[in-house]
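> 3D, please:
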Amino acid sequence: MQQPNLNRIPNFIWGIADDVLRDLYVRGKYRDVILPMTVLRRLDTVLEQSKQKVLHTKTELDDAGIIEQDPALCRAAGQAFYNTSKFTLRDLKSRSSQQQLRADFENYLDGFSPNVQDILNNFEFRNQIPRLSKADVLSALIEKLTSPEINLSPRPVLYSDGAQRHPGLDNHAMGTIFEELVRRFNEENNEEAGEHWTPRDAVKLMAKLIFLPVADEIKSGTYLLYDGACGTGGMLTLAEETLQSLAAEHSKEVSTHLFGQEINAETYAICKADLLLKSAGDVTDNIKGGAEYSTLSNDAFPTHEFDFMLSNPPYGKSWKSDLARMGGKQDMRDPRFMIDHAGDPEYSLVTRSSDGQMLFLVNKLSKMKQDTKLGSRIAEVHNGSSLFTGDAGQGESNIRRWIIESDYLEAIVALPLNMFYNTGIATYIWVLTNRKPEHRKGKVQLIDASEWCQPLRKNLGKKNCELGEADIKRICDTFLAFEESEQSKIFPNQAFGYWKVTVERPLRLVGAEPGRVYKPNELKQLKESSERSEEAPPIIKKIHKQDTKPDPLRGLFQTNIDGKPAVVEYEPAPDLRDTEQIPLQEKGGIEAFLKREVLPHAADAWYAPGSVKIGYEISFTRHFYKPQPMRSLDEIRADILALGKESEGLLDEIIK
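A predicted model of the protein is given here:
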């Protein structure tokens, strides 16, 4: 089948907005009309051929007194939706007055099935009708969208002699057009970096990363796919196509059920419309959306487990309102984000309220299948902050620690810059599973694919490059090979962990009495009246019992008090306090590190074991750093001589 020009159609629709809505709406508000009208036109074209059959079925059902008519009407339409109005959009072009057009148009909208009504309600499109009617532009909109100059139908548009004027538009192409329109509107409104749509090339890579490793193990049966930030649904549908294709290659028959959640009402409406067009079933029942459906504070699928999950969650976006609805950090009780790990029954995965991207990943991990051979596989896009933001013991670090210590993390792939429409920042795909193959257990693979791409002929927003089929294959081959190379590094899980250790030194104040334990109020007065000096005796905080063994590295020092040996603790000096980040792989552990790196410079230093925290971070820069080669002396000399020639006579000219 001849493919339509997927650039021409969005350009044409954008031109409609400029021609018809320019003096009625500011450019940032075009979307309130154009997106729902484009969806309506697509639905309208799909239903055109079955229109009379639906009307006939409706009459029969009414005459028979049947109340539950949805299943029969859907069968008559041959779709998961229908319209029982006697009108099509083409019928409405010839109205003699705006009043009649408005009445008939509203009748047309009212004829749609309940699932389409939900789409219209989330677009809040009916709110626009009085304005469009009053300005006498509703008829112009309908006329342009039904013009033979554009085809939003799955069937081709023909010339009078039967030759093809425009090819038909399949559902995949229509979904691409929806996403392109949304991208342009977002760009027009200067949406934030996190408010972007995932390009198809990135989604193809993500889908292959979760399916290819288990392609030989996929059996005939039913699989559940989930996206907790599903946007317009493109990631789910492309993942479904990939799974179906792989299954067919292995002579397996699989059925898929798509589950998604999206807080933005407009994109949820597009997602639902797109899925309605692509399915003859009730797939949209598993897509939840609208302002009340935040994935973080209102999980739509709390008891579900999924086979495959993938998302591109918003990053750098506040989730403060979600946190407040969940009781705040102090009263958080959501079992997704407060778990039992490392001996802590209330191990917190709650991140900073300014960025909730990693919580979308935690949400997926809470929905992994535990009792199946394949378990669950996850691919999720993040920006660089998920690799290192958060100190030891804080939410982001705790999430990384839990993921890595649970051995869920298979790989992280660094993508090229400028891969996404509205942001040029560095992005990474995290690949996770709870069924690692034996050769991957206890290890994490980092892949630097930042140079594996090809330039676009024309930028799409900030997207100036894409992953070609060869690039996607190269990344997947590198992932599956699981071998060390210049772009692939393999590490044991512990390589990313560290102990955060607080190092103390004793407080020494001029005038302090050796051997005396100061009470808090006495110590306060001494601090106010004395200066710190390295020559002064250390302030004793506590004298231990006689059977206490000295342990200077842990703050138990041996000294003499009144001529008798004693084990004491010293008061720490706040301004001398320091922290050390000690790798978990440090040979000999914390003590060996302190003896080698700290005690030679501060013999009276110690650390408190109870204050030690474990953190995890992942540094792509460190592992893939390529130092620039130093220039040779001959090259430097040549540059100096060249500069000398360029400056000859310059001083004379200045003096003149």
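
> my guess is I129 meets N107, correct?
No: between I129 and N107 there is no contact under Cβ atoms under 8 Å: 11.8 Å. From N, CA and C alone the C-beta is placed, and that goes for glycine too.

> next, the buried residues of stretch 574-586.
For stretch 574-586, burial by neighbour count (16 or more other Cβ atoms under 10 Å) applies to 576, 580, 582, 584.

> pLDDT of that stretch, averaged?
Averaged over stretch 574-586, pLDDT sits at 94.

> dump that stretch to CSV, restricted to CA.
Listed next in CSV are the C-alpha coordinates belonging to stretch 574-586 (Å, rounded to 0.1, in the frame of the first residue of the first chain):
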residue,chain,number,x,y,z
PRO,A,574,31.6,20.4,64.5
ASP,A,575,33.8,22.6,62.3
LEU,A,576,36.3,19.7,61.9
ARG,A,577,33.6,17.2,61.0
ASP,A,578,34.1,15.6,57.5
THR,A,579,32.5,12.8,55.5
GLU,A,580,34.2,10.2,53.3
GLN,A,581,32.6,8.2,50.5
ILE,A,582,34.2,4.7,50.7
PRO,A,583,33.5,2.2,47.9
LEU,A,584,31.8,-1.1,49.1
GLN,A,585,34.5,-2.8,47.2
GLU,A,586,37.3,-1.2,49.3
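
> show me the contacts for V54.
Contacts for V54 (Cβ atoms under 8 Å, 6 or more residues apart in numbering) come out as 47, 73, 76-77, 82-84.

> please read the previous query as pertaining to L132.
Taking Cβ under 8 Å, 6+ apart as the criterion, L132 is in contact with 24, 33, 138, 141.

> and F360, by the same measure?
Taking Cβ under 8 Å, 6+ apart as the contact definition, F360 lies against 228-229, 295-296, 311, 313, 380.

> what about 7 Å?
Contact analysis of F360 by Cβ atoms under 7 Å, 6 or more residues apart in numbering lists 228-229, 295, 311, 313, 380.

> tell me if E380 really is in a helix.
No: in this structure, E380 is strand, not part of a helix, as judged by DSSP: H, G, I helix; E, B strand; the rest coil.

> what are the bridge partners for it, then?
S311, W430 (DSSP bridges).

> what's the burial count for it?
The local packing of E380 (other Cβ atoms under 10 Å) involves 25 other residues.

> cool, E646 as well?
9.

> that one and R637, how far apart?
For E646, the distance to R637 equals 15 Å [Cβ to Cβ, to the nearest Å].

> how about low-confidence regions in this structure?
Along the chain, segments meeting pLDDT under 70 span 1-5, 187-197, 279-282, 422, 648-656.

> can we see that at 50?
The model of the chain has pLDDT under 50 over residues 1-2, 192-194, 196, 280.

> secondary structure element for the spatially most central residue of it?
Centroid-nearest residue in the chain: P313, 2.6 Å away (criterion: Cα atoms, centre = their mean). Secondary-structure assignment from DSSP states H and E places P313 in no helical or strand segment.

> using CSV, write down the CA coordinates of the helix or strand hosting D104.
Using DSSP H and E, D104 falls within helix 98-110. Taking C-alpha atoms only, helix 98-110 is exported to CSV below (Å, rounded to 0.1, in the frame of the first residue of the first chain):
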residue,chain,number,x,y,z
GLN,A,98,-25.1,28.7,12.2
GLN,A,99,-28.0,28.0,14.6
GLN,A,100,-29.0,24.9,12.5
LEU,A,101,-25.4,23.8,12.2
ARG,A,102,-24.8,24.1,15.9
ALA,A,103,-27.9,22.1,16.7
ASP,A,104,-27.1,19.4,14.2
PHE,A,105,-23.4,19.3,15.2
GLU,A,106,-24.3,18.8,18.9
ASN,A,107,-26.8,16.1,17.8
TYR,A,108,-24.0,14.4,15.9
LEU,A,109,-21.7,14.5,19.0
ASP,A,110,-24.5,13.1,21.2
